[in-house]
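**Q** structure for this input, please:
(one chain, ligands or ions: 3)
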Amino acid sequence: MDREHMAADLAKVLLTEEQIQTRLGELAVDIWRDYEGKDLLLVGVLKGAVVVMADLMRALPGTAPMDWMAVSSYGSGTKSSGVVRILKDLDVDITGKDVLIVEDIIDSGLTLSWIKANLESRKPASVEICTLLRKPDVVKVDIPVKYVGFDIPNEFVVGYGLDYDERYRNLRCVGTLAPHVYE
Ligand SMILES: O=P(O)(O)OC[C@H]1O[C@H](OP(=O)(O)OP(=O)(O)O)[C@H](O)[C@@H]1O
Ligand code: HPA
Ligand SMILES: [Mg+2]
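**A** Numbers count the residues shown, from 1 in each chain. Ligands and ions are numbered 1, 2, ... in the order given. Sure thing, here's the model as predicted:
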């Protein structure tokens, strides 16, 4: 699919490239200040967080290691199944480390509450969450999120790492998908 058709599949642009980059710059400064003197490890959740991680880590005023986990909860649909599977685990031992999970979106919160509990069981010094996007339903699972880019309405969104059936991840903005695409 070419870019023209990809853009035509959006019902609305929620966040522009510039809005996202500005906000990531602010978060990076906050994170660097809060983790001064700590053993920070950035943990990305594949695949959606690839784009956020790439921009967030380059916005940091210093350098920190990263590692990746792959889990699956959505598959090719638009609803979380609630069943989380580890497809790829971390490469490093996180004992004693200050882990910051980097995510693209917290929607139902099911994926992250599961990942957070899983990482906490490995005896890290701390586990916090940084997400670019958060939807309102998250309050139901009461998951504390230290760094939030944007609170967005309860609609299915794509772009900036977020996919629908593996497409649209390379859009630089975040937008809602036109219903004709998935209905
Ligand atoms: O809060 P939740 O309702 O659990 O949803 C959030 C999760 O869903 C998406 O991942 P997905 O399973 O689509 O994998 P992907 O990153 O490879 O697209 C997203 O990247 C989050 O990890
Ligand atoms: O709104 C969404 N869009 C794409 N992927 C997602 N995974 C959870 N919520 C979403
Ligand atoms: Mg997905």
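
**Q** mind checking how far residue 90 is from residue 153?
**A** 33 Å (C-beta to C-beta, to the nearest Å). Where you see a C-beta, it was placed from the backbone N, CA and C, and this is true even at glycine.

**Q** which of these two has more neighbours?
**A** Neighbour tally, residue 90 and residue 153, criterion other C-beta atoms under 10 Å: the higher count belongs to residue 90, 16 against 9.

**Q** surely that one touches residue 71?
**A** No. Assessed by C-beta atoms under 8 Å, residue 90 is found out of contact with residue 71, at 11.4 Å.

**Q** which residues touch the worst-scoring helix or strand of the chain on mean pLDDT?
**A** Lowest by mean pLDDT, DSSP states H and E among the helices and strands of the chain is helix 3-8, with a mean of 80. Helix 3-8 is contacted by residues 167, 168, 171, 178 when judged by C-beta atoms under 8 Å, 6 or more residues apart in numbering.

**Q** now, which of those sits nearest residue 100?
**A** Using C-beta to C-beta, residue 171 is the member of the contacts of helix 3-8 that lies nearest residue 100, at 25.1 Å.

**Q** ok, that closest one to residue 109 distance?
**A** Residue 171 is 24 Å from residue 109, by C-beta to C-beta.

**Q** kindly report the same for residue 121.
**A** Plainly put, residue 121 is 18 Å away from residue 109 if you go by C-beta to C-beta.

**Q** kindly report the same for residue 90.
**A** Residue 90 sits 21 Å away from residue 109 when distances are taken as C-beta to C-beta.

**Q** residues from this protein in reach of ligand 1?
**A** 45-48, 72-74, 80, 103-112, 163 (C-beta under 6 Å from any ligand atom).

**Q** so who does the residue nearest to residue 122 when sequence neighbours are not counted touch?
**A** Once flanking residues are discounted, residue 122 sits nearest to residue 94: 5.3 Å by C-beta to C-beta, 6 or more residues apart in numbering. Going by C-beta under 8 Å, 6+ apart, residue 94 touches 41, 43, 119, 122, 123, 124.
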